[in-house]
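Asks: My questions are about this predicted structure, shown below with the sequence.
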Amino acid sequence: MSSVPAPRLSRTPLIVAGMLAAATLLVFAPGYAQYDTVAQFNQVLSGQIDDWHPPVMVWMWAWLHPLAAGAAPMFTTQVLLYWTGLGLIAAALHGNLRRAGVLALGASPLFLGWQVVVLKDAQMIAAAVAAFAIVAAFQLRGRPVPLLAAAIAVPLFLYALLLRANAVFALAPLIAALLPTGGIVRRAAVAIAVIAAVLATSGAVNHRLLGASASGVEKTQPLFDLAGIAARSDAAASTGLSPDAVAQLRERHCLSPFFWDPLGEPARCAGVMAPLRALPGGRLYVRLAGAVLHHPIAYAEQRLSHWNMTERWLVPAGLTGTAPPAGNEPNDLGLMSPGHLAAQWQRVAAVVAETPLGWPIAWLAAAVVLVATIAAAPEVVADDRTRRRLALGLLASAIALEASFLVVSIASDLRYHLWPMLATGLAALVAPRIENSRRAVAIAGVTALIIVLPGVFARAMLAHAPASYQAMLAWDAGALALLRD
């Protein structure tokens, strides 16, 4: 594989990416609609926007809605951005294996199966991949980024940043890595500045600029963690939950390491949490900070039990929220399902999702090993510096988002991890060629065994989790919840 910068993009990957985009549109149109999709389309039709789901996606959908009915405009947008980005990355790389690898990664059943679902996660991946690729396609060829390319990439990054509350933890390191000059300190400073700016302004953008009403979504994180701390420490004073309320939370199985949803379930648990939910979001976070300081072990148990679940490591087989949908959420809004061939593809993706390829923890381990390997490898030619920088930026993006789930996460759906997984795969293909030493191979093999074997054992030994959402609301996770008797 040559490391000499290419004078222009290779045409073949762009043509193949265009063909894959056309096939995706043909087979999966008009895209799958889940519960969140239906809720957001209802906001598009009614004009009543709240911030439970990303207001910027409703704004984009409303802007595109006159072009076509239902989910078709958003589906088409995310498919075209996705394949444009992957095509540009593949076309800028040297070597047919790397080019084919990028396109094969994008066309793999699990990634493509989720990318055809009209959700904020797929929109974020599409926008982020396209924005990264527009800049990287020039840098990989040793060329300066034209102003027009930057002018296209910037709004795509801004859109991606507003699509998820924790998107900034993934995209800030990636944006910093795209700076053509500067060492690690400068890039870290840029990433921190981006995080601070987004956290400081996103509320104003959502409520004042986009006109979204407050839904109370910001309260879910402290409510989830305060309930978890109280149940693991009987900390009534610091959490604001009475001993009787804590007892009810435990007896009614309101505490799940899988997600926060049971706490909002009206029939069993919402009443118990009502006094806390009535407090302003700021006061809840202050109370959570105090509870963490007084009961750090209980907080660690709360977060680690959830992190294990969302990383899908030591969990039962068949955990819901893994496979992409093969049908639509029932609705009367005219959101239609794709056809039979698409459903067959999704069934293949469901099988893949149950393997280690569907475990975020496995991709995180791969990202950590890749960082260590790439950082330790010597720069053989000048071009390696750019490829190393971009690969490490993708890996920093993946690791930062996965690490953020240790503190900021209330649900365990696999779709929340698709960007780190895809970024890790892209980093392996973008990175300079690394000579395989025995030590590197041994480290990779041992890491794989440490991650995969316990995961396989857990799935073999633990009872299957419920298959439906309603059953998961009352699921007793047993020892996985790290709740004390």
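Replies: Arrived safely.
Asks: show me where the stretch 201-350 of the chain has helices.
Replies: In the stretch 201-350 of the chain, the helices defined using DSSP state H, counting those that start in this stretch lie at 220-233, 236-239, 243-251, 270-277, 281-294, 296-311, 340-353.
Asks: do you know which of the ones you listed lies nearest residue 106?
Replies: Closest to residue 106 of the helices of the stretch 201-350 of the chain, according to Cβ to Cβ: helix 340-353, at 13.4 Å. Using the backbone N, CA and C atoms, a C-beta is placed for each residue, glycine as well.
Asks: Which strands or helices does the helix or strand following that closest one pack on?
Replies: Next helix or strand after helix 340-353 toward the C-terminus (DSSP states H and E): helix 360-376. Applying 3 or more Cβ pairs under 8 Å, 6 or more residues apart in numbering; DSSP states H and E, we find helix 360-376 packed against helix 296-311, helix 383-404, helix 418-430, helix 438-461.
Asks: Excluding chain neighbours, what is closest to residue 474?
Replies: Once flanking residues are discounted, residue 474 sits nearest to residue 253: 5.3 Å by Cβ to Cβ, 6 or more residues apart in numbering.
Asks: what's the distance between residue 180 and residue 159?
Replies: 23 Å (Cβ to Cβ, to the nearest Å).
Asks: Look at these two and report which has more neighbours.
Replies: residue 159 (23 against 11; other Cβ atoms under 10 Å).
Asks: hang on, the earlier thing: residue contacts, the residue nearest to residue 474?
Replies: Going by Cβ atoms under 8 Å, 6 or more residues apart in numbering, residue 253 touches 262, 268, 474-476.
Asks: Mind doing that once more with 7 Å?
Replies: 262, 474, 476 (Cβ atoms under 7 Å, 6 or more residues apart in numbering).
Asks: Then residue 114?
Replies: Applying Cβ under 7 Å, 6+ apart, the residues near residue 114 are 122, 324, 415, 418.
Asks: Run a quick neighbour tally on the closest residue to it other than its chain neighbours.
Replies: Nearest residue to residue 114 in three dimensions, chain neighbours excluded: residue 324, at 4.6 Å (Cβ to Cβ, 6+ apart). Applying other Cβ under 10 Å, we find 27 residues neighbouring residue 324.
Asks: what's the answer for residue 467, then?
Replies: Residues near residue 467, counting by other Cβ under 10 Å: 10.
Asks: I only care about the contacts of residue 114 that end up buried; give me the ChimeraX line for that.
Replies: Here is the ChimeraX command that selects the buried residues among those (16 or more other Cβ atoms under 10 Å):
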select :122,324,415,418
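Asks: what pLDDT does the residue nearest to residue 474 get?
Replies: Note for residue 253: predicted pLDDT of 89.
Asks: residue contacts, the closest residue to residue 481 other than its chain neighbours?
Replies: Excluding the flanking residues, the one nearest residue 481 by Cβ to Cβ, 6+ apart is residue 257, at 4.9 Å. Residue 257 is in contact with 305-306, 309, 477, 480-481, counting by Cβ under 7 Å, 6+ apart.
Asks: which of these has the most neighbours?
Replies: residue 306 (27 neighbours).
Asks: Quick check, that one in contact with residue 408.
Replies: No - counting by Cβ atoms under 7 Å, residue 408 is not a contact partner of residue 306; they are 10.7 Å apart.
Asks: Tell me, how many residues neighbour residue 372?
Replies: Counted with other Cβ under 10 Å, residues neighbouring residue 372 total 14.
Asks: Fine by me, we can end here.
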